[in-house]
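A.B. asks: requesting a structural model of the entry that follows:
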Amino acid sequence: MTIRRRLAFAFSLIIFLFAANLMIYYWGNLRRQGSVEALRRAVSSQASISAINQDLNDIQKQVTLLSQVATETAAGGANAVEVSQFNRQLQEVESKIEQLHDLAEPETRANIESFSEAFQKLSGSWRVFYQNFGVDQAKAITELAVRAEPLSQDLLKVRVPQLQKDQNARVDAASANFYKVSQLTGRITLIIFILSAAIAIGVAAVVSGQLTRGLSNLKRGTESIGSGELERRIDIKGNDELSVLAAAFNDMTGKLAEARDQLTQANALEKRKSQELEKALDQLRNAQDQLVVQQKLASLGSLTAGIAHEIKNPLNFVTNFAEVSTGLVAELRECLDGQRARLEPAVIADIDDILNGLVQNVTKIQEHGKRADGIVRNMLMHSRGQAGDLQPSNLNSLVSEYVKLAYHGMRAQNQNFNVGIQESYDPSIGSIRVVAHDLSRVLLNIANNACYSAYEKKKRLGDGFAPMVSAKTQNLGSSVEIRIHDNGDGIPDAVKKRIFEPFFTTKPTGSGTGLGLSMSYDIVVQQHKGTIRVESEPGQFAEFIITLPKNA
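C.D. replies: Presented below is the predicted three-dimensional model:
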C-alpha cells in the first residue's frame, strides 16, 4: 500500500472520530444550556417571589401601623408626597409580579395570574385606606378590616407560600436535570475521547513505523542540500512515493544549482524595480489627493470670501444707518415733547404711533443686520486658506474644557437651561499633535449642538425627561477617538446625508448659520487627516465620533 493510501485511511478514521466527538459535544452543550437556562429562570423566579413577599410584608406592616394610630391622627390625611410614595411601592410590587410572570413556565402561569389578580384587589383596597386615612377614619378602618385584611392574609399565608413551594420544586427539578445531563454528556465524551485516542495512537504507530526509515534518509539528504551542497544526492530505494520523491528531488537539485545564481540576480533586480514603482505610485496618489483638495478649497474659499466681502460693505451701511436712525428718532421724540402743548391730542397720538413703529422697524433692521454680519464673519472664517501649526496638546483637557464652555455659554444665555454632563477620558492618550485653536471650534460646535438638542427635548417632554450630554475619549493605538453623545431627538437619516453641507441647518430661523459642522468637517478631515461621522436613532440619541491620527 502506498503512503498516500495509508495516510488517507488514517486521516479518514481520525476525522470520523473527531466529527463524532464534536457532535456529542454540541449535543451535550445544547442540553446543558437548556438545563442552565431552566435553572436560571427557576432561581430568578424564586428570588422574585422572595422580594415580592418581603415587599408585601413591609407594606402590610406599614398599613397595620397606620391603622393602630388612626384614632390619634389629626384630620387632614396623608399628603400628596406620602400618597405618591405609597403608590410607587405598590407599582414596584406590580412590576416584580410581571417579571415573575415572564419567568414562569406554562404550567405555573395560571397560579401567578391568579396571584396578580388577588394583589390588584388588595392594592386597590390599600389605596382606598391610604386616601381616607386621616380624612374619613371610619371608611379607612372599615376598608382595612373588611377587605384589605382578608385579602392580605390570603396572599401572605396561602398564595405566596404556594408560589414558593412551586418554585422550590421547579429549582430542585432543574438542578437534578442539569446534573443528570452534565454527568451523561461527560461520560459519553470521555468514552469517545478514550476510543479516539486509542485508535489514533494505533494508526500513528503503524504508519509512523513505515515512514520513519524513509523519512530519516530523506531528511539527512535534504539537510545536506539545504546547507548548500547541491552536488549531494539522496539514495532511497523502493516503489513508494518516497523513492519517487527522492528521484525527483535529485533531478531538481541539479537544475537548482544552475538556476540559483540567475534567480538571485533576478530577484534583486525585481525587488529594486518594485520598490521604485511603489514609491512612485505613492507619490502620485499623494499629489493627486492634495491637488483635488487644494482645488476644492481654493474654489470654495474664493467664492465664499468674494461673496462675504461683497455683502459686508452694504451690510455695514445698513447696520450703521439703522443705528443713526435710532438716534434721530430719539431726537425727534425730544423735539415733539417740547411741542406737545401746541398740538392736538389726536395728532400727538398719531405721531407717537408712527415713531413707535419706526423704532420697531429700526430695531428689527439692527437685529437682522447683526445676524447677517455674524453669518458673513463665519463665511470669512470658513473660507480661510491656511491652517495653524500642529502643536502637542493634551486632548483630554481640550475636550473637557470646551464641552464645559459650551454648557456655561448656553447657561449664560438662558438661566433656565440645564443639562447633565458626563465625562470619561482615557488617561493613556496624553498629548497629541493638533491645531488646538481649530480643533476647539469643532468641539465647541458639536457640544453646543448636543446641549441644544437635549434641552429642546427637555422643553417638549417636561420634568419627566433628564437631558444628558456625555464626552468620551479612547486610545486606539495609532489614533484617538472622541465621542460626544446626547439623548435628544436624534437626527433623521435624510438629514444625516446633508449635515456637513455648508449653510444646511435644522435649527429654527435665527438659531443657526449652517456653517458650524461644515467648518468642523474641513478642520477634522482636511486639516488633521482624520474622520468625523455621526450615529443616531431618531427620537433617542445622536453621537458624533471624531477619529484623529496621532501622527497627523
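A.B. asks: now do the host helix or strand of A47: which elements does it pack against?
C.D. replies: Using DSSP states H and E, A47 falls within helix 3-68. Contacts defined by 3 or more Cβ pairs under 8 Å, 6 or more residues apart in numbering; DSSP states H and E place helix 3-68 against helix 80-103, helix 106-132, helix 160-226, helix 241-339. Any C-beta I mention is one placed from the backbone N, CA and C, and that applies to glycine too.
A.B. asks: redo those helices as CSV? Include distance to I365 and mean pLDDT.
C.D. replies: Output for the helices and strands packed on helix 3-68, formatted as CSV (distance: least, Cβ to Cβ, whole Å; pLDDT from 0 to 100):
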stretch, distance to I365, mean pLDDT
helix 80-103, 52, 80
helix 106-132, 61, 80
helix 160-226, 75, 75
helix 241-339, 4, 72
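A.B. asks: which of those is buried the deepest?
C.D. replies: With neighbours taken as mean count of other Cβ atoms under 10 Å, the helices and strands packed on helix 3-68 reach their highest mean count in helix 106-132, at a mean of 17.
A.B. asks: tell me how many other residues crowd the closest residue in space to K496 that isn't next to it in sequence.
C.D. replies: Closest residue in space to K496, ignoring its immediate chain neighbours: V534 at 5.9 Å, by Cβ to Cβ, 6 or more residues apart in numbering. Look at V534: counted by other Cβ atoms under 10 Å, it has 17 neighbours.
A.B. asks: let me know the secondary structure of V534.
C.D. replies: Secondary structure assignment for V534 (DSSP: H, G, I helix; E, B strand; the rest coil): strand.
A.B. asks: ok, it to I545 distance?
C.D. replies: Counting by Cβ to Cβ, to the nearest Å, the gap from V534 to I545 is 7 Å.
A.B. asks: and for R498?
C.D. replies: Using Cβ to Cβ, we find R498 at a distance of 18 Å from I545.
A.B. asks: ok, these two, which is more surrounded?
C.D. replies: Per other Cβ under 10 Å, whichever of R498 and I545 has more neighbours is I545, with 15 against 12.
A.B. asks: so what does the helix or strand harbouring that one touch, helix or strand wise?
C.D. replies: Assigned by DSSP H and E, I545 falls within strand 541-549. Judged by 3+ Cβ pairs under 8 Å, 6+ apart, strand 541-549 is in contact with helix 436-461, strand 479-486, strand 531-537.
A.B. asks: my guess is Q131 contacts V83, does it?
C.D. replies: Yes: counting by Cβ atoms under 8 Å, Q131 does reach V83; the two are 6.7 Å apart.
A.B. asks: pLDDT score for the residue of the chain most remote from its centre?
C.D. replies: Going by Cα atoms, centre = their mean, the residue of the chain most distant from its centre is R342, 74.6 Å out. Per-residue pLDDT puts R342 at 79.
A.B. asks: quick one, phi psi at it?
C.D. replies: Dihedral pair for R342: phi -90, psi -10, per degrees, to the nearest 10.
A.B. asks: now do it against N356, distance only.
C.D. replies: Separation of R342 from N356 (Cβ to Cβ) stands at 21 Å.
A.B. asks: same thing with L336?
C.D. replies: Distance of L336 to N356, given as Cβ to Cβ: 12 Å.
A.B. asks: next: V442.
C.D. replies: V442 sits at a distance of 45 Å from N356 (criterion: Cβ to Cβ).
A.B. asks: now the helices and strands packed on helix 3-68 in JSON lines, with distance to P549?
C.D. replies: Shown next, in JSON lines, are the helices and strands packed on helix 3-68 (distance: least, Cβ to Cβ, whole Å):
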{"stretch": "helix 80-103", "distance to P549": "48"}
{"stretch": "helix 106-132", "distance to P549": "57"}
{"stretch": "helix 160-226", "distance to P549": "44"}
{"stretch": "helix 241-339", "distance to P549": "15"}
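A.B. asks: between those, which one is closest to A19.
C.D. replies: helix 160-226 (10.4 Å; Cβ to Cβ).
A.B. asks: between V442 and N356, which one's more packed in?
C.D. replies: V442 (27 against 12).
A.B. asks: let me see the contact set for the residue nearest to that one when sequence neighbours are not counted.
C.D. replies: Once flanking residues are discounted, V442 sits nearest to S520: 4.2 Å by Cβ to Cβ, 6+ apart. By Cβ atoms under 8 Å, 6 or more residues apart in numbering, S520 lies in contact with 441-442, 445-446, 500, 532.
A.B. asks: farthest pair in the residues you listed?
C.D. replies: Largest separation among those by Cβ to Cβ: R441 and F500, giving 14.5 Å.
A.B. asks: L281: which of the contacts of S520 is nearest?
C.D. replies: Distance to L281, by Cβ to Cβ, is smallest for I532 among the contacts of S520, at 28.1 Å.
A.B. asks: would you agree that closest one is in contact with V525?
C.D. replies: Yes: taking contacts as Cβ under 8 Å, I532 lies within contact range of V525: 6.6 Å.
A.B. asks: quick one, which of the two is more surrounded?
C.D. replies: Using other Cβ under 10 Å as the criterion, I532 and V525 rank with I532 on top: 21 against 15.
A.B. asks: okay, and the beta partners of that one?
C.D. replies: With DSSP bridges applied, I532 shows beta-bridge pairing to I546.
A.B. asks: for it, give its distance to A542.
C.D. replies: Distance check for I532 against A542: by Cβ to Cβ, it reads 13 Å.
A.B. asks: before we move on, what about L355?
C.D. replies: From L355 across to A542, the span is 47 Å (Cβ to Cβ).
A.B. asks: looking at those two, which one has more neighbours?
C.D. replies: Neighbour count, other Cβ under 10 Å: between L355 and A542, A542 has more, with 24 against 15.
A.B. asks: nearest spatial neighbour of the more buried one, skipping sequence neighbours?
C.D. replies: Using Cβ to Cβ, 6+ apart, the closest residue to A542 is S536 (4.2 Å).
A.B. asks: what about that neighbour, how many residues nearby?
C.D. replies: 22.
A.B. asks: pLDDT score assigned to it?
C.D. replies: On pLDDT, S536 comes in at 92.
A.B. asks: over to T513?
C.D. replies: We have a pLDDT of 56 for T513.
A.B. asks: over to S428: give its phi and psi.
C.D. replies: phi -80, psi -10.
A.B. asks: meant to ask about P392
C.D. replies: Main-chain torsions, P392, degrees, to the nearest 10: phi -60, psi 130.
A.B. asks: quick check, it in contact with R433.
C.D. replies: Yes: counting by Cβ under 8 Å, P392 touches R433, with 5.7 Å between them.
A.B. asks: who's more crowded, those two?
C.D. replies: R433 (16 against 11).
A.B. asks: so which strand or helix has that one?
C.D. replies: Using DSSP H and E, R433 falls within strand 431-434.
A.B. asks: export only the CA atoms of that strand, formatted as CSV.
C.D. replies: Only the C-alpha atoms of strand 431-434 are listed here, as CSV (Å, rounded to 0.1, in the frame of the first residue of the first chain):
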residue,chain,number,x,y,z
SER,A,431,-0.6,64.7,24.3
ILE,A,432,-1.1,64.5,20.5
ARG,A,433,-0.2,67.0,17.7
VAL,A,434,-3.2,69.1,16.8
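A.B. asks: I am finished for the moment; much appreciated.
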